[in-house]
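Chemist: here are the coordinates; sequence isn't available:
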Ligand SMILES: [Zn+2]
């Protein structure tokens, strides 16, 4: 660990000393993990710079989220995909030997999942030719129970963000904000919970 003093000219010293004087307060405010290196060392200054860069990034992202237009949110939402195990493209691929009429008849037996971040389709007619004998109910709306839960969460997220941003979004926070290690751990637990509760998805 090099001491910053060795790198400084005499003219820089008064400036650094002023920082030294403030460093205790600064450390208290930053709440930086492993902030053991004093601010006057290269390591300490580096830690603080990295920490401040992250803080600036988070502030920038927060400001972007706060002021983003509704149109821009909708555009970002289109790019966010949480599930796509069996899509309309997959169905078309399976039915590539069908003629137009046969394709249309089969397509009618499938429905698009209503969760906005899911691309899956699923059969609502058990005479479908991909998973014969299996279908979901005709009045079902989601491919899996996980999507039912996710759709409800997205709706809640929209209502929550509409209160704090100029325009609400259905996106989960991790899709547009930097995630801290803390949040990563919480998200992991959430997704484990969802996986345990997921219905079997046939195709
Ligand atoms: Zn789905």
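Modeler: Alright, I've got the coordinates. Being a predicted model, the structure only gives us computed values, none of them experimental. Numbers count the residues shown, from 1 in each chain.

Chemist: what does this structure put close to the ion?
Modeler: By Cβ under 5 Å from the ion, the residues of the chain that approach the ion are 113, 115, 118, 120, 143, 147. Bear in mind the C-beta positions are built from the backbone N, C-alpha and C, glycine included.

Chemist: need the contact partners of stretch 165-182.
Modeler: With Cβ atoms under 8 Å, 6 or more residues apart in numbering as the test, stretch 165-182 has contacts from 54, 57-58, 61-62, 64-70, 73, 76-77, 80, 116-117, 153-155, 157-162, 183, 187.

Chemist: quickly check the residues of the chain next to the ion for the two that are furthest apart.
Modeler: Spatial extent of the residues of the chain next to the ion (Cβ to Cβ) is set by the pair 115 and 120 at 8.4 Å.

Chemist: one step back: inside helices: which ones of the residues of the chain next to the ion?
Modeler: residue 147 (DSSP state H).

Chemist: that older thread, so which of the contacts of stretch 165-182 are in strands?
Modeler: Under the assignment DSSP state E, the contacts of stretch 165-182 contribute nothing to strands.

Chemist: so the residue lying closest to residue 57 once chain neighbours are set aside, which state does it fall into?
Modeler: Distance criterion Cβ to Cβ, 6 or more residues apart in numbering; nearest residue to residue 57, sequence neighbours excluded, is residue 178 at 5.9 Å. Classification of residue 178 using DSSP: H, G, I helix; E, B strand; the rest coil returns coil.

Chemist: please apply the same query to residue 96.
Modeler: Using three-state DSSP, the structure places residue 96 in coil.

Chemist: that one: what's it in contact with?
Modeler: Neighbours of residue 96 in contact, by Cβ under 8 Å, 6+ apart: none.

Chemist: hang on, the earlier thing: between residue 115 and residue 120, which contacts overlap?
Modeler: Counting by Cβ under 8 Å, 6+ apart, the shared contacts of residue 115 and residue 120 are 83, 143, 147.

Chemist: list the contacts of the residue lying closest to the first one once chain neighbours are set aside.
Modeler: So that's residue 83. Nearest residue to residue 83 in three dimensions, chain neighbours excluded: residue 118, at 4.4 Å (Cβ to Cβ, 6+ apart). Residue 118 sits next to 81-84, 142-143, 147, 150 when contact means Cβ under 8 Å, 6+ apart.

Chemist: count of neighbours near residue 177?
Modeler: Neighbour count of residue 177, defined by other Cβ atoms under 10 Å: 16.

Chemist: tell me the spacing between it and residue 169.
Modeler: Per Cβ to Cβ, to the nearest Å, residue 177 is found 11 Å from residue 169.

Chemist: domains in the chain, by residue range?
Modeler: 16-67, 71-196 (automatic domain parsing).

Chemist: could I get these as a markdown table with mean pLDDT?
Modeler: Output for the domains of the chain, formatted as a markdown table (pLDDT from 0 to 100):
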| stretch | mean pLDDT |
| --- | --- |
| domain 16-67 | 72 |
| domain 71-196 | 92 |
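
Chemist: good, we can wrap up now.
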